[in-house]
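Asks: Please work out how this folds:
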Amino acid sequence: MTYAHDIFFSYSRKDPVLDWVRLFKRTLEDWLRETMTEEPRIFRDEDSLKTGTTWPLALQQGLHRSKVVVAVLSPSYFRSPWCRAEWSSMRQREQQLGLRTQGRTRGLIYPICFHDGDCFPPDAKDIQHKDLSRWNRASPSFRRTVGYDKFLSEVQIIAEELAGLLQTVPAWQEDFPILLPETTEGIERFVMGVPRL
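Replies: Numbers count the residues shown, from 1 in each chain. So this is what the prediction gives:
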């Protein structure tokens, strides 16, 4: 078995984040096609989950078999048990692979600041993020503003950086950790293997 996806989108499914992620993902995918040598393989729940799928298992499997996470950070992101579990799973993988260390300072999370980075937890604040909060609108009128052109330029840069990052990802491992959200208290403190579907 190996990676099935280049990128896993991790984001809050609440508006205004959800509408913006749809616009951002389409735009990023367009630029990735122009930047990468192969068609980008992106996992985003709305696009990747088929009717009848057991979505918690499919999310776990999608994350387990993705090279990097594009995390769209906002206050609602860190209030979501699922988002925190996705974040922590990838941080555990980075630790397992010896990433974000003195010798290898980069990791497998590409954080996008959607809104208010001041309230992010310390481990998220320590990771340099791409701040797109100036362009965090998805309304049709946004596409007719001067800011939209700057947004497109930023997304093109992100695509180039992600294409470079994808070239450095270590080989897939069966024992990559997956953390699961608890019903009320955040993230379970043990690492679980991905269930076989």
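Asks: avg pLDDT for the helix or strand harbouring Q60?
Replies: Using DSSP states H and E, Q60 maps to helix 55-64. For helix 55-64, the mean pLDDT works out to 87.
Asks: tell me which strands and helices it is in contact with?
Replies: Judged by 3 or more Cβ pairs under 8 Å, 6 or more residues apart in numbering; DSSP states H and E, helix 55-64 is in contact with strand 5-11, helix 45-48, helix 81-96. Every C-beta, even on glycine, is put in place using the N, C-alpha and C of the backbone.
Asks: ok, for the spatially most central residue of the chain, nearest residue in space, not its chain neighbours?
Replies: Among the residues of the chain, the one closest to the centroid is V70, at 2.4 Å (Cα atoms, centre = their mean). Distance criterion Cβ to Cβ, 6 or more residues apart in numbering; nearest residue to V70, sequence neighbours excluded, is Y110 at 5.0 Å.
Asks: same thing with P170?
Replies: L97 (5.2 Å).
Asks: Thought V169 was touching the one you found, still the case?
Replies: No - using Cβ atoms under 8 Å, L97 makes no contact with V169, being 9.0 Å away.
Asks: what's the overlap in contacts for these two?
Replies: Here L97 and V169 have L108 as joint contacts, going by Cβ atoms under 8 Å, 6 or more residues apart in numbering.
Asks: What are the buried residues along stretch 101-114?
Replies: Buried residues in stretch 101-114, counted by 16 or more other Cβ atoms under 10 Å: G107, L108, I109, Y110, P111, I112, C113, F114.
Asks: coming back round to it: buried residues in the helix holding Q60, which are they?
Replies: Result for helix 55-64 [16+ other Cβ under 10 Å]: buried residues A58, L59, Q60, Q61, G62, L63, H64.
Asks: Could I have the CA atoms of that helix written out in PDB?
Replies: Provided in PDB are the C-alpha atoms of helix 55-64 (Å, rounded to 0.1, in the frame of the first residue of the first chain):
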ATOM      1  CA  TRP A  55     -17.600   8.900   6.900                       C
ATOM      2  CA  PRO A  56     -15.500   8.600  10.200                       C
ATOM      3  CA  LEU A  57     -13.700   5.600   8.800                       C
ATOM      4  CA  ALA A  58     -13.300   7.200   5.300                       C
ATOM      5  CA  LEU A  59     -11.800  10.400   6.900                       C
ATOM      6  CA  GLN A  60      -9.400   8.300   8.900                       C
ATOM      7  CA  GLN A  61      -8.300   6.300   5.800                       C
ATOM      8  CA  GLY A  62      -8.100   9.500   3.700                       C
ATOM      9  CA  LEU A  63      -5.800  11.100   6.300                       C
ATOM     10  CA  HIS A  64      -3.800   8.000   6.800                       C
END
